[in-house]
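Peer 1: Provided below are the primary sequence and the corresponding predicted coordinates.
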Amino acid sequence: MATMRTKPDPQRYTFVGYGSEKYPALLLRGAGNLDNWTLDTYEAKHEGYQALRTALKMEPAAVIEEVKTSGLRGRGGAGFPCGLKWSFMPKDTADRKFTRYLVINGDEGEPGTFKDRAILEYNPHQLIEGIVIACHAMQANTCFVYIRGEFLWLIEKLEAAIEQARAKGYVGKDILGSGFDCEIVVHRGAGAYICGEETALLNSLEGRRGEPRVKPPFPAAKGAFGQPTTINNVETIATVPPILRMGGAEYAKLGTPKNSGTRVFCISGQVKRPGLYELPLGLPLDFIINELAGGTSTGKKIKAVIPGGASAPVFGEAELSTPMDFDAVRGAGSMAGSGGIIVMDEDTCMVQACLRLIRFYAHESCGQCTPCREGCNWLEMILSRIEHGEGRMEDLATIEQMTPRIAGRTLCPLGDAACGPMDSMLKKFRAEFEHHIQHKTCLTKGSKLLSEVGGHH
Amino acid sequence: MNHPLPPEPADHPMAPGERLPKSQRTDFSPEALAEIAGIAAKYPDKLAATLPALHIAQREFGFVSLDAMKAVAKALAIPEGHVFGVASFYTMYQKRPVGKFHLQVCTNLPCALAGGAQLLEKVCAKAGVKPGEGPSADGLWSVEEVECLASCGSAPCLQVNADVYEEFVDEKKLDEILDACKRGEVRPWAQ
């Protein structure tokens, strides 16, 4: 068996009320305990593979119906209804048989997001169970799990967990005597943020450069290896076993209507208790930050919060009471995305924060679409100039003219992702940009966010 | 650990791949070839084994040299140009030699808010190399600035080679990690 990491993980997972009726623990059960990942623990403590037994007795269409009833929305970023996505997969007909694939997106690379890592670390069997249920629902016999290359120890752990499940007959041929076969192949990425985009991920899985594809055809028609494919996030699929255990209707009671269930919020930045918080959707952002995560670590006022991973437009003080669900966050002008909440206190220089994010997008742009490749690079250069005290007032107008020429003009949303923080930071904190240009220094006095030696090579 | 670039040939302009440093090894070991064949069999198309094969090449060759890419192409019977395109796209394939301990520091925004930039500066000062500079004079260290290691809630984060993944790294912890490397308690790169 592969060597397993034995070092304790210093993330926080628990808070007052965690695991109660109010804040049920469906995804992070046992998180923090390094022995939690084994099949024995999963079966003994967490009703392991009970949902699979239920699902295999159901018709595939009935499983999809149950997930539709639950109202589960994709946890990867877009929030697309999961059951609906599954129902797009073509069914076999008398004259045409399909090879269908399920692909799991574990290329967790969105700055501010670190939830899939904890699920893979502590509950890999819940993911495996979800995979087999989803494969049964869509009548797919192969699942590829794409995990980012940096998570080598998690890949080894997942492979060990798959072997444990195979030995018990939960994976492989004729699962639990139902006649259904399901193989799981783990694929290691190699360090490209863009491979989190579903069609880029498919290219990467096929052994190509991770460049997003033109849609249509959508993956449900022509995905991995040219076959019908569904791509789901790790967290989405790990939610499926609890849904089948408790029933879709019961799950739908969690959270708010149309935004049901719990999700794992990743809180980072300047907060007292950063970490993972599994919460029902719809709790107000300031409640999550102040009550659960303990407010800012510096004791200063909150200046800005990124509510859904680095790609989400930033929230200022005015939007802090927004309920954290997909629709309310969208209504407030941002996106719930991958659930990464990044908190910045009033001493943070927004020009530096913005430059750091744009540098990331400029580095990670795959280079396929000109607006994103050139636009992100130019944004980086202009911001860099402002940061180094050589900015001009007309630079801000240039930025404002550039972003509408990037966003929405590319094959994938990476260009939009760069423009989200850029536009919102410039709009909400324009005075800081102007101060930088006029006085050649930060308006704030926080420690610097950019290193002297940095830069990609 | 001296890897001089090859001289420019007189008769033709140099292709991008020819500018890359040469590795000592020029072909896979039989065990690696068997491993690659096993991986390729898991996919409907052997092209899909390009990424795993490049990971194996990096382990065997020390870094992904042009010879390593050619070996991957040969092992999978796929075009060399395709392998070069893939290897040059992904940042985890090191196209130049790295130190025995490759120190990777995340400086993205969540880490930066917790001192990631300062950690990178400290790492560079202690290792005596800058990001992207190649191994230090003693061959022990190389430093890379990486993007998001998914440790935002326990930032800043330092990853050494593929194994050690340390969180909440302060000066004391950094010294401990570097000392552990020097004492040989960390698996060296490419082993």
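Peer 2: Okay, I see it. The structure presented is a predicted model; accordingly, all values stated were derived computationally and were not measured.
Peer 1: which residues sit against stretch A:17-28?
Peer 2: Stretch A:17-28 has contacts (CB atoms under 8 Å, 6 or more residues apart in numbering or on different chains) with A:13, A:15, A:29, A:118-119, A:122-123, A:126, A:235, A:238-239, A:242, A:254, A:261-262, A:264, A:276, A:278-280. Yep, even glycine has a C-beta here, placed from its N, CA and C like the rest.
Peer 1: now, which of the residues you listed lie close to chain B?
Peer 2: Among the contacts of stretch A:17-28, proximity to chain B is found for A:L276 (CB under 8 Å from any CB of the partner chain).
Peer 1: so which strand or helix has the residue of chain B found nearest chain A?
Peer 2: For chain B, the nearest residue to chain A under the criterion CB to the nearest CB is B:G132, separated by 2.7 Å. With elements taken from DSSP states H and E, nothing contains B:G132; it lies in neither a helix nor a strand.
Peer 1: angles on the backbone of it, please.
Peer 2: Backbone torsions of B:G132, given as degrees, to the nearest 10, read phi 80, psi 10.
Peer 1: where in chain B is pLDDT low?
Peer 2: Low-confidence regions of chain B, defined by pLDDT under 70, span residues B:1-5, B:191.
Peer 1: let's see that with 80 instead.
Peer 2: Low-confidence segments of chain B, defined by pLDDT under 80: B:1-9, B:15-17, B:163-164, B:190-191.
Peer 1: ok, A:L320 touching A:V305?
Peer 2: Yes - using CB atoms under 8 Å, A:L320 makes contact with A:V305 at a distance of 6.7 Å.
Peer 1: for the two, list the residues in contact with both.
Peer 2: By CB under 8 Å, 6+ apart, A:L320 and A:V305 have these common neighbours: A:285, A:289.
Peer 1: so for these two, which residue has more residues nearby?
Peer 2: Set side by side, A:L320 and A:V305 give different neighbour counts by other CB atoms under 10 Å in any protein chain shown, the larger being at A:V305 (25 against 19).
Peer 1: now the helix or strand where the more buried one lies: mean pLDDT?
Peer 2: Taking DSSP H and E as the definition, one finds A:V305 inside strand A:302-306. Mean per-residue pLDDT for strand A:302-306: 95.
Peer 1: now swap in stretch A:208-222 and tell me
Peer 2: With pLDDT averaged residue by residue, stretch A:208-222 scores 95.
Peer 1: tell me where the stretch 1-150 of chain A has helices.
Peer 2: Per DSSP state H, counting those that start in this stretch, the stretch 1-150 of chain A carries helices over the ranges A:39-45, A:50-57, A:60-70, A:82-87, A:115-122, A:124-138.
Peer 1: where does pLDDT dip in chain A?
Peer 2: When the per-residue scores of chain A are filtered using pLDDT under 80, the ranges that remain are A:1-8, A:452-457.
Peer 1: which one's the longest strand in it?
Peer 2: Under DSSP state E, the strand in chain A containing the largest number of residues is strand A:262-269.
Peer 1: so after that one, what's the next helix or strand?
Peer 2: By DSSP H and E, the next helix or strand past strand A:262-269 is strand A:275-280.
Peer 1: that next one: partners in the sheet, and parallel or antiparallel?
Peer 2: Sheet pairing here is set by DSSP bridges, and for strand A:275-280 it gives strand A:262-269 (antiparallel).
Peer 1: circling back: pull out the buried residues from the helix or strand just after the strand holding A:V305.
Peer 2: Following the chain from strand A:302-306 toward its C-terminal end, the next helix or strand by DSSP H and E is helix A:326-331. The neighbour-count criterion (16 or more other CB atoms under 10 Å in any protein chain shown) identifies A:326-329 as the buried residues of helix A:326-331.
Peer 1: can you pull the contacts of the residue nearest to A:Y42 when sequence neighbours are not counted?
Peer 2: By the measure of CB to CB, 6 or more residues apart in numbering or on different chains, the closest residue to A:Y42 outside its immediate chain neighbours is A:G48, 3.5 Å from it. For A:G48, the contacting residues are A:39, A:41-42, A:125-126, A:129, taking CB under 8 Å, 6+ apart as the criterion.
Peer 1: chain B: which of the residues you listed is nearest?
Peer 2: Taking CB to the nearest CB as the measure, A:Q126 is the one of the contacts of A:G48 closest to chain B, at 18.6 Å.
Peer 1: what about that closest one, neighbour count?
Peer 2: Neighbourhood size, A:Q126 [other CB under 10 Å]: 30.
Peer 1: what does A:Q164 give?
Peer 2: Here the count is done by other CB under 10 Å, and A:Q164 has 20 residues near it.
Peer 1: which strand or helix spans it?
Peer 2: helix A:152-167.
Peer 1: contacts for that helix next, please.
Peer 2: Contact partners of helix A:152-167, identified using CB under 8 Å, 6+ apart, comprise A:1-5, A:37-39, A:49, A:117, A:120-121, A:124-125, A:127-128, A:145, A:147, A:171-172, A:184, A:186, A:188, B:162-163, B:165.
Peer 1: just the buried residues out of the contacts of stretch A:17-28, in PyMOL syntax.
Peer 2: Here is the PyMOL selection string for the buried members of these, based on 16+ other CB under 10 Å:
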select buried, chain A and resi 13+15+29+118+119+122+123+126+235+238+239+242+254+261+262+264+276+278+279+280
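Peer 1: between the two ends of stretch A:407-414, how far is it?
Peer 2: Length of stretch A:407-414, first residue to last, CA to CA, to the nearest Å: 9 Å.
Peer 1: next one: that stretch to chain centre, how far?
Peer 2: 18 Å (CA atoms, centre = their mean, to the nearest Å).
Peer 1: now the residue positioned nearest the centre of chain B: closest residue in space that isn't a chain neighbour?
Peer 2: Centrality entry for chain B: nearest residue to the mean C-alpha point is B:Q94, 3.8 Å, by CA atoms, centre = their mean. Nearest-residue entry for B:Q94: B:F63, 4.4 Å, with adjacent residues in sequence omitted and distances by CB to CB, 6+ apart.
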